[in-house]
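Asker: Output the structure for:
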Amino acid sequence: MSKIACIIGIVLLHLTANAQLLSQNQLDEQPIFTSISEALKNPEKVYRLDLSKQKLQSLPKAVFGLYNLQELNLAKNKLFEIPQEIGNLTNLQKLNVSKNNITTLPASIGSLTNLTELVANQNDIYKLPAEIGNLINLEKLDLWSTAMDVFPQEISMLKNTLKTLDLRVVLINDDKQKAIVELLPNTNIYFSKSCNCH
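Answerer: Sure thing, here's the model as predicted:
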């Protein structure tokens, strides 16, 4: 490895270690980048990235090097999965993967401990990883119109922080609805009418 590469690596490590989480107001004031090529010109200045509606079937690897990224919108693409590398983006506060073809979320999602909002509606997601319980700052979880059927016991670790859980347009019977409420007694949970399904 060249000296320049070593220096760049050290600088990146330094930036990662000293990355500062922005408040919601500060984040709202940051520019929104809509292309990877533009973002890579000044990667340390990229806090918000919107790659929605770009017909992406996979995520560009360069996304996972944007260590200051705090808001990522991947909605309305053709993604079948979210790569494990998503766990590298430990400063993410908002993640939107709605309207894709995703069936599961990777275990590495549990590394995103600064996440306050996870929007994954209108996907084929049928279960959550146990690591969802690590998202200690999560306030909003949007799973409406998914195939959700399996809720790990670990989600109960969010019972004092998760404010809203949207499960509308999801086929869930009475017993399962009651079980979810017991796991998250302090959360506002939105169900559609229960089904007679098993």
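Asker: Can you get me a residue count around L118?
Answerer: Counted with other Cβ atoms under 10 Å, the neighbours of L118 add up to 23. From N, CA and C alone the C-beta is placed, and that goes for glycine too.
Asker: before we move on, could you check phi and psi at it?
Answerer: Note on L118: its backbone torsions stand at phi -130, psi 110 [degrees, to the nearest 10].
Asker: Write down the beta-bridge partners of it, one by one.
Answerer: L95, L141 (DSSP bridges).
Asker: residue ranges for the strands of this structure, please.
Answerer: For the chain, strands defined by DSSP state E occupy the ranges 32-33, 48-50, 71-73, 94-96, 117-119, 140-142, 164-167, 188-191.
Asker: name the helices or strands packed onto the shortest one?
Answerer: Translated: strand 32-33. The contact analysis (3 or more Cβ pairs under 8 Å, 6 or more residues apart in numbering; DSSP states H and E) places strand 32-33 against strand 48-50.
Asker: The strand it packs on: how far from the chain's middle?
Answerer: 13 Å (Cα atoms, centre = their mean, to the nearest Å).
Asker: same deal with stretch 93-106?
Answerer: Centroid displacement of stretch 93-106 relative to its chain, using Cα atoms, centre = their mean, is 6 Å.
Asker: pLDDT score assigned to S194?
Answerer: Listed pLDDT for S194 reads 74.
Asker: Quick check: the gap between it and D166.
Answerer: Distance, S194 to D166, by Cβ to Cβ, to the nearest Å: 16 Å.
Asker: mind listing what the closest residue to N101 other than its chain neighbours touches?
Answerer: In space, and not counting its chain neighbours, N101 is closest to F80: 5.0 Å by Cβ to Cβ, 6 or more residues apart in numbering. Going by Cβ atoms under 8 Å, 6 or more residues apart in numbering, F80 touches Q57, N100, N101, I102, T103.
Asker: out of those, which one sits closest to Q30?
Answerer: Nearest to Q30, judged by Cβ to Cβ, of the contacts of F80 is N100 at 24.5 Å.
Asker: So what's the predicted local confidence for that closest one?
Answerer: 98.
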